[in-house]
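>>> Need coordinates for the below:
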Amino acid sequence: MKKNIFLLLFIFIAGCGNYRYARISYPSAQPNQDMRDALASLYVVVKTKPNQKTKITNNLLKSLIGGSHADINGLLLAKGVAKDFNDKGARVAAFRFLDAKSMEFDLVGKIKPQGILEINLSEPALSISEIEREVEYYDRKTKEKKKGKTRVWIYEVTLNANLKLIAFPGLMLLDKWTAPIEYKEEHNSKDMNKEVWFERIQEKMFKKVQNKFSSRYFGVPVLKNRRVFFKKKDKESEKAYKFSQKKKWNKAEAIWLKRIKEKSDWRDINNMGVSKELKKEYSAALKYYRLAREKSVDDKEAKGIRWKGIFKDIDFAVSGKIKPVKNSFKWFDYKVAVLPFSSEVVSMDGPVMLRKMIFEGLKESGYDILTIEKTDALLREKGFSDGGQLTRVDKKKICQWLNVDALVSANVTDFNDVMAGIYNKRIVSGKVSFWSLTDKRNILDLSEEVLKIKMPKSFVKGFLGQVAKNWAEKLKNNPLVYESLIFSREVVGRFPGLPR
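Numbers count the residues shown, from 1 in each chain. Purely as a prediction, here's the structure:
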């Protein structure tokens, strides 16, 4: 008897086996009108304190003590926040990573946002602490479980994110708040340098915190259940249902639309409403739901559908929906070429590698960019192959040769790996500019330096390690790869990026 009761209960909960629940995410809160206007065309800017550049002076010890610095990957956070806000219903026009000194409003004017989300990150505090923990283990000799103690090391970082939401162009402060950021991990040893650990965990750390930023304006997502039906012993209906299970909603819609024309079954009409609601096409969803309610009045299968709740949810979403503003997006309409870099360094490979890295970074950031091969081929036709030669040529002429609207050029001032017994200095520095044919001037002038200084724990072991590392890199034809990647990341981050 009990088994029969449980079986009947299961069948009842499952809806007699002819429907399943699709879960639709709704915000638990909505921003006010001023904030909605700002979020409709948002410019996300992440700012960090300028790196404390370490310089070699006569006082070697002082330089070495100051050599350790935790680099924040602000570009990673800016990209993540832009994507997260877009996913929640905002429209991010562009993102950017800057140091905390200034903001170029001339550049913001070209993006033409309605709001600026400024995220100021404090200097990260890194620590390693040791704790003793009781563990249970199996002793193979005695074949018994025993208790013992083990040591673990906690790697931890703390910093603050100070956020401002600003209306543009009026610059009215709409919101201001501070979000503490904490992240920790356990390790079985403390062999890893804490700065290296911080570099590795930033992606995981930022993924956790970027949801905090968006939930400030959209709340924590709430899942709403909607029934997706199929008709038993109807192969076509079952096929569409299976497509919906696999989240292939467009394929399911094609079948439902065909069936609505032929049979006008309320189940197919309801399912179209669910699909449109999932896609946030609320007007279409309402149309289908109202028609489904009308056609299912006398059908017992539809009695469990809470139509009032569905309409209330959609009304709430529509009332707070951000209406995206169609930006001119002139900035990302530029056709761009990255010119060969001029150089003041001995290395032939370094400037070539930096150019390629910056080209790839800008392409990933949404720029319409001429390939390096095509750029070089067109320049050779005019008798130019070296970046130094191009510094003496009118940029307007270069744009005409390449049929582009803007030029990225750079001068590499340092690309060196210096060993002096007990320390190793690796430095990549240079100046990068973005020249616009429309403005006939540089609208971006950047100066960047990446410097790493390391004093090995063991002089002999460290010295040999550095020599081996240098030779390995030279054999690969990729000297100073790590520092070059950081240099390129910092440069690309200071160009506005288009969210993907």
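
>>> sec struct for the closest residue in space to V345 that isn't next to it in sequence, please.
Counting by CB to CB, 6 or more residues apart in numbering, F415 is the residue found nearest to V345 once chain neighbours are left out, at 4.3 Å. Quick note: C-beta positions are derived from backbone N, CA and C, even for glycine. Here F415 takes the strand state, with states given by DSSP: H, G, I helix; E, B strand; the rest coil.

>>> contacting residues for F415?
Each residue near F415 by CB atoms under 8 Å, 6 or more residues apart in numbering is listed here: S343, V345, V346, S347, G350, P351, L354, I427, V428, P479, L480.

>>> Looking at the fourth one now. What's its pLDDT?
Looking back up the chat, that one is S347. S347 carries a pLDDT value of 84.

>>> Am I right that it sits in a helix?
No - under three-state DSSP, S347 sits outside any helix and is assigned coil.

>>> partners of the residue nearest to V345 in the sheet?
For F415, the beta-bridge partners are V428 (DSSP bridges).

>>> Likewise for D445?
Assigned bridge partners for D445, using DSSP bridges, are S433.

>>> and it, how many neighbours?
12 (other CB atoms under 10 Å).

>>> That one against N411, yeah?
No - counting by CB atoms under 8 Å, N411 is not a contact partner of D445; they are 11.3 Å apart.

>>> quick one: common contacting residues for those two?
The contact sets of D445 and N411 overlap at K431 (CB under 8 Å, 6+ apart).

>>> So what does I358 look like in phi/psi?
Dihedral angles of I358 (phi, psi; degrees, to the nearest 10) stand at phi -70, psi -40.

>>> What is the nearest of the contacts of F415 to P113?
Of all those, L354 has the smallest distance to P113: 30.4 Å, by CB to CB.

>>> Check for me that the closest one belongs to a helix.
Yes - checked against three-state DSSP, L354 lies within a helix.

>>> what about the spatially closest residue to it that is not a sequence neighbour, which helix or strand?
Nearest residue to L354, sequence neighbours excluded (CB to CB, 6+ apart): S484, at 5.6 Å. S484 belongs to helix 481-493 when assigned by DSSP states H and E.

>>> Spell out the residue ranges of the strands in the stretch 1-150 of the chain.
Secondary structure of the stretch 1-150 of the chain (DSSP state E, counting those that start in this stretch): strands at 19-26, 42-48, 92-99, 115-121, 125-139, 144-167.

>>> Out of those, which is closest to K279?
Smallest distance to K279 across the strands of the stretch 1-150 of the chain (CB to CB): 9.9 Å, for strand 19-26.

>>> So which residues make contact with the closest one?
Residues beyond strand 19-26 that count as contacts (CB under 8 Å, 6+ apart) turn out to be 221-230, 241, 244-245, 274, 277-278, 313, 316-317.

>>> any weak-confidence spans in the stretch 101-250 of the chain?
Residue ranges of the stretch 101-250 of the chain with pLDDT under 70: 101-106.

>>> let's see 90
By pLDDT under 90, the low-scoring segments of the stretch 101-250 of the chain are 101-112, 130-152, 168-171, 186-196, 199-200, 203, 207-212, 214-222, 231-234.

>>> For L402, give its distance to K335.
8 Å (CB to CB, to the nearest Å).

>>> what helices or strands is the helix holding S484 leaning on?
Judged by 3 or more CB pairs under 8 Å, 6 or more residues apart in numbering; DSSP states H and E, helix 481-493 is in contact with helix 74-88, strand 92-99, helix 349-364, strand 423-436, strand 441-454.

>>> Export only the CA atoms of the last one, formatted as PDB.
Below are the C-alpha coordinates for strand 441-454, written out as PDB (Å, rounded to 0.1, in the frame of the first residue of the first chain):
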ATOM      1  CA  ARG A 441      47.200  63.500 -33.700                       C
ATOM      2  CA  ASN A 442      48.000  60.900 -31.100                       C
ATOM      3  CA  ILE A 443      44.900  60.300 -29.000                       C
ATOM      4  CA  LEU A 444      46.700  57.800 -26.800                       C
ATOM      5  CA  ASP A 445      50.200  58.100 -25.500                       C
ATOM      6  CA  LEU A 446      51.400  55.300 -23.200                       C
ATOM      7  CA  SER A 447      54.600  54.700 -21.400                       C
ATOM      8  CA  GLU A 448      55.100  51.300 -19.700                       C
ATOM      9  CA  GLU A 449      57.900  49.600 -17.900                       C
ATOM     10  CA  VAL A 450      58.000  46.000 -16.500                       C
ATOM     11  CA  LEU A 451      60.900  45.400 -14.200                       C
ATOM     12  CA  LYS A 452      61.600  42.200 -12.200                       C
ATOM     13  CA  ILE A 453      64.500  41.900  -9.700                       C
ATOM     14  CA  LYS A 454      65.300  38.600  -8.000                       C
END
